[in-house]
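J.: The amino acid sequence is not available; the structure is as follows:
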């Protein structure tokens, strides 16, 4: 970020699902991480950590996964405790009405952008999320002007991971295009969440240039935003296996 004179901030989110053990999460929290949750069970962990003084209301919480009523009720409990930076990421357009029915006060949300899976995938279809062709109309029709909803984040994740190939960069550029178009409509949109996907060493021939990939990601975001005249976003990641 310094090399590219990048003006946004970076937030490393710990995925509770990658290891639920208290001593592991406690160690992660000592290093200034924020938290990503995939289910209601993980909210119980956050509340326990809060009661022990290991997590504070200044932490940012990202809520992914299927939003059951119990999950949303527990997110409400976090808000009552003072966790005001709690962002619910929508996996589909249908989730918004359910969230608004249960949630208390204004809700900070993220939108998950559906990406096309790699052509070699066993199931070549879109992942969870809202398709690029629908996401702008969804914002205009359901979010813009709704005082109960505050769009903060665009969530983008490629199932095959962050790799230096044409497929990844193609999907990445699509996501950046959607981000800048949404940003022009919604000044409060300030975060781009890259999800997880950093490869890890699982064979003796493993080679991966982390420094190069990080620089290319940051450079691409910076250049796209400058070309479109919008401020570059804060970057979030939710590395699971890598963590």
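T.: On my side now, so go ahead. Being a predicted model, the structure only gives us computed values, none of them experimental. Numbers count the residues shown, from 1 in each chain.
J.: Could I get the contacting residues of the residue sitting nearest the centre point of the chain?
T.: Centroid-nearest residue in the chain, with CA atoms, centre = their mean: residue 193, separated by 3.6 Å. With contacts taken as CB atoms under 8 Å, 6 or more residues apart in numbering, residue 193 has the following neighbours: 62, 89, 110, 153, 154, 155, 156, 157, 235, 236, 237, 238. Heads up, the C-betas are built off the backbone N, CA and C, glycines and all.
J.: same thing with residue 196?
T.: Applying CB under 8 Å, 6+ apart, the residues near residue 196 are 15, 157, 161, 237, 238, 239, 240, 241, 242.
J.: Using PyMOL, make a named selection holding only the buried ones among these.
T.: Those of the contacts of residue 196 that count as buried under 16 or more other CB atoms under 10 Å are selected in PyMOL with:
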select buried, resi 15+157+161+237+238+239+240+242
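J.: and the two most separated of the contacts of residue 196?
T.: Among those, the pair separated by the greatest distance (CB to CB) is 15 and 161, at 14.3 Å.
J.: Between the contacts of residue 196, which sits nearest residue 9?
T.: residue 237 (12.2 Å).
J.: For the closest residue to that closest one other than its chain neighbours, give its distance to residue 153.
T.: Counting by CB to CB, 6 or more residues apart in numbering, residue 237 lies nearest to residue 194, which is 5.2 Å off, once chain neighbours are set aside. The gap separating residue 194 from residue 153 is 11 Å, by CB to CB, to the nearest Å.
J.: out of the two, which sits in the busier spot?
T.: Between residue 194 and residue 153, counted using other CB atoms under 10 Å, the more crowded position is residue 153 (24 against 20).
J.: What are the phi and psi values at the residue lying farthest from the centre of the chain?
T.: The outermost residue of the chain, judged against the average C-alpha position, is residue 204 (31.3 Å), by CA atoms, centre = their mean. Backbone torsions of residue 204, given as degrees, to the nearest 10, read phi -70, psi -20.
J.: can you offset everything so residue one is 641?
T.: That works, and once the first residue is 641, the last one we named lands at residue 844.
J.: okay, it: pLDDT?
T.: Note on residue 844: pLDDT of 90.
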